[in-house]
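**Student:** With the sequence up front, the predicted model follows.
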Amino acid sequence: MLAALFNNRSAFRREWQRFENTPAKPNSVEGHWSGEWVSDISGHRGELKCVLVPISADKYRAFFHAGFSKLFRVAYATELNLQRKDGHTSLVGQQDLGSLAGGIYRCEGEICGTDFNCKYSCKYDQGIFRLRRVD
């Protein structure tokens, strides 16, 4: 489990750097996103970064890097299925993060312009995250 989290940090950093000097493509969701997550259960919140990488026309791999407090950081990746309609992109995905990290993590939300908003849930928590496009 710990090895997977540390490997995902490396994957996140690699993908973040890959898109660092690439301007955002018009009408595309790929690239950097940054904002925060907020727990509905505890009210805790933290920094959240994401890189969206296309796999196919309707699938993206999302590399997330989340912070809690000033000490705890976690990274994970998940596949997101996307549907585009009228300038909005809806998405849904899930990933098994292992029993220590809450098991199945699910997210469902929408990207509209420069805003990326989702609801998330797992065994131990549920809440929202709000991200904005990083140019």
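**Tutor:** Structure's in. What do you need?
**Student:** ok, and what's touching the lengthiest strand in the chain?
**Tutor:** Counting by DSSP state E, the longest strand found in the chain is strand 72-85. Contacts to strand 72-85, defined as C-beta atoms under 8 Å, 6 or more residues apart in numbering, come from residues 5, 8-9, 11-12, 29, 52, 55, 58-68, 89-95, 97, 101, 105, 107. To be clear about C-beta, it is placed using only N, CA and C from the backbone, and glycine gets the same treatment.
**Student:** which element follows it toward the C-terminus?
**Tutor:** Next in sequence after strand 72-85, counting helices and strands by DSSP states H and E, comes strand 88-96.
**Student:** Now do the SS call for residue 16.
**Tutor:** Following DSSP: H, G, I helix; E, B strand; the rest coil, the label given to residue 16 is helix.
**Student:** Break down this protein into its helices, ranges please.
**Tutor:** 2-20 (DSSP state H).
**Student:** so where is this protein shaky, pLDDT-wise?
**Tutor:** Scanning the chain for pLDDT under 70 picks out the ranges 1-7.
**Student:** try 50
**Tutor:** The chain contains residues with pLDDT under 50 at 1-6.
**Student:** could you list every residue that touches residue 34?
**Tutor:** By C-beta under 8 Å, 6+ apart, the contact set of residue 34 is 47, 48, 49, 50, 131, 132, 134.
**Student:** what's in contact with stretch 113-120?
**Tutor:** 29, 33, 35, 37, 50, 87, 91, 105-111, 126-133.
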